[in-house]
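A.B. asks: Okay, predicted coordinates and the sequence, questions at the end:
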There are 2 protein chains.
Amino acid sequence: MSHDLPILDIDETVRTGGTTGLIGYRLRRAQLAVFQRFLSVFDELKLRPAEYSVLVLIGDNPGRKQTQIAEALGIKRANFVTLAHGLEERGLIERRASTGDKRANALHLTPSGAAFLAHARSFHEAMEAELIGRLGGPAKRDQLLDLLARLT
Amino acid sequence: MSHDLPILDIDETVRTGGTTGLIGYRLRRAQLAVFQRFLSVFDELKLRPAEYSVLVLIGDNPGRKQTQIAEALGIKRANFVTLAHGLEERGLIERRASTGDKRANALHLTPSGAAFLAHARSFHEAMEAELIGRLGGPAKRDQLLDLLARLT
DNA sequence: TATTGTTATACTCTATAACTATA
DNA sequence: TATAGTTATAGAGTATAACAATA
């Protein structure tokens, strides 16, 4: 892998000989490919990436306020409302009255939400295993996560 | 870097102890961070990532049809119309009548478009150098690009 | 005054269908 | 029949402002 290879290998008839950077471009391409894979795997569960991450966070941090979960995921609290409402309508989460602060909603998984999350997690783990395989093993995965962390 | 660290380090009060995968999540986070950096750097040029990639491709492949440039970048040809129109209105590109096929537009940079692109490239190269620094050098960058390619 | 959840709204990006003129 | 460019449109995702209830 050299930095002066063509940016594009999608269509061999269109190429660049640029020596400019391409980290952002390749990063975006890889992210889109992985997300596309996620979408197709989670299609039958009718679960979007953001919804899955919310369930994971609530499962690991029951009782938190909407603002806390939303901020941890980089979701604006205004947009989190619709997301949480959808999960609540599906019976996966509950918005209980918070003890102490009457403004806040304490988020919890319902029993069926916990079961659903366990199922979704197994899907995710299978996908992750496939990605690790493509990367060349767990050591390569750790290498990738380390490099990504340096960009964040 | 181990795989059973918390997914979230944004807010220490919200964490997961999950052993599930996080490649997609970290990939998305890193991609957003890099794109955010791109947006702030290219803000004064009033240039979006997609517009920049189009200019680069036209610069390296003058005379190509809209469809060819669009497909190479994963942009729908319907959405490419507005994008190309904006670049043309700014005097950066030209849509010339294609020789042979009267349906097609042959895309070219204008002289000022070429000068503008050279300027934008220098911005991009500086950003890329900064990213390489954060990664720990060119070897690390190549390592990252190699790993990303395996995911695509 | 500040914060929580909420509504309304707008802007970008992306996706599809359908049209026209050419091939 | 198929392709190139275009238009219209719809759906996500994301952003801000403003409000009522509560702190």
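C.D. replies: Happy to help now that I have it. Numbering: from 1, shown residues only, chains lettered A, B, ... in the order given.

A.B. asks: Helix B:23-41 and the lowest-mean-pLDDT helix or strand in chain A, what's the angle between them?
C.D. replies: The element with the least model confidence among the helices and strands of chain A, by mean pLDDT, DSSP states H and E, is helix A:23-41, at a mean of 93. Interaxial angle, helix A:23-41 versus helix B:23-41 (axes from the mean of the first three to the mean of the last three Cα atoms, to 10 degrees): 140 degrees.

A.B. asks: Just checking the distance from helix A:23-41 to the centre of its chain.
C.D. replies: Taking the mean of its C-alpha atoms, helix A:23-41 sits 11 Å from the chain's own mean (Cα atoms, centre = their mean, to the nearest Å).

A.B. asks: so who does the spatially most central residue of chain A touch?
C.D. replies: The residue lying closest to the centre of chain A (Cα atoms, centre = their mean) is residue A:49, at 4.7 Å. By Cβ atoms under 8 Å, 6 or more residues apart in numbering or on different chains, the residues touching residue A:49 are A:35, A:38-39, A:42, B:24, B:28. C-beta: built from backbone N, CA, C; applies to glycine.

A.B. asks: Pick out the most distant pair among these.
C.D. replies: Between any two of the contacts of residue A:49, the greatest separation by Cβ to Cβ is 14.5 Å, found for A:42 and B:28.

A.B. asks: And the strands in chain A?
C.D. replies: For chain A, strands defined by DSSP state E occupy the ranges A:93-97, A:105-109.

A.B. asks: how about the first one: buried residues?
C.D. replies: Applying a neighbour-count criterion of 16 or more other Cβ atoms under 10 Å in any protein chain shown, the buried positions in strand A:93-97 are A:93-94.

A.B. asks: For that strand, which helices and strands make contact with it?
C.D. replies: Counting contacts by 3 or more Cβ pairs under 8 Å, 6 or more residues apart in numbering or on different chains; DSSP states H and E, strand A:93-97 packs against helix A:77-89, strand A:105-109.

A.B. asks: Specify the angle between it and strand A:105-109 in degrees.
C.D. replies: Going by the same axes, to 10 degrees, strand A:93-97 makes 150 degrees with strand A:105-109.

A.B. asks: how far is strand A:93-97 from where the chain is centred?
C.D. replies: Distance of strand A:93-97 from its chain centroid, counting by Cα atoms, centre = their mean, is 23 Å.

A.B. asks: same question, stretch A:142-152
C.D. replies: Computed by Cα atoms, centre = their mean, the chain-centroid distance of stretch A:142-152 equals 16 Å.

A.B. asks: what about that stretch and chain B, any contact?
C.D. replies: Yes - judged by Cβ under 8 Å from any Cβ of the partner chain, stretch A:142-152 and chain B are in contact via A:142-152.

A.B. asks: Equivalent analysis for stretch A:106-125, please.
C.D. replies: Yes - counting by Cβ under 8 Å from any Cβ, chain B is contacted by stretch A:106-125 at A:121, A:124-125.

A.B. asks: Show the buried residues in those residues.
C.D. replies: Buried members of the residues of stretch A:106-125 next to chain B, counted by 16+ other Cβ under 10 Å: A:121, A:124.

A.B. asks: Pick the one among the residues of stretch A:106-125 next to chain B closest to DNA strand D.
C.D. replies: Using Cβ to the nearest atom of the strand, residue A:124 is the member of the residues of stretch A:106-125 next to chain B that lies nearest DNA strand D, at 16.3 Å.

A.B. asks: Residue A:45 contacts residue A:119, correct?
C.D. replies: Yes - assessed by Cβ atoms under 8 Å, residue A:45 is found in contact with residue A:119 at 7.4 Å.

A.B. asks: could you list every residue that touches the spatially closest residue to residue A:62 that is not a sequence neighbour?
C.D. replies: Leaving aside its chain neighbours, residue A:62 sits nearest to residue A:108 (5.0 Å; criterion: Cβ to Cβ, 6 or more residues apart in numbering or on different chains). The contact partners of residue A:108, taken as Cβ under 8 Å, 6+ apart, are A:58, A:62-63, A:93-94, A:96.
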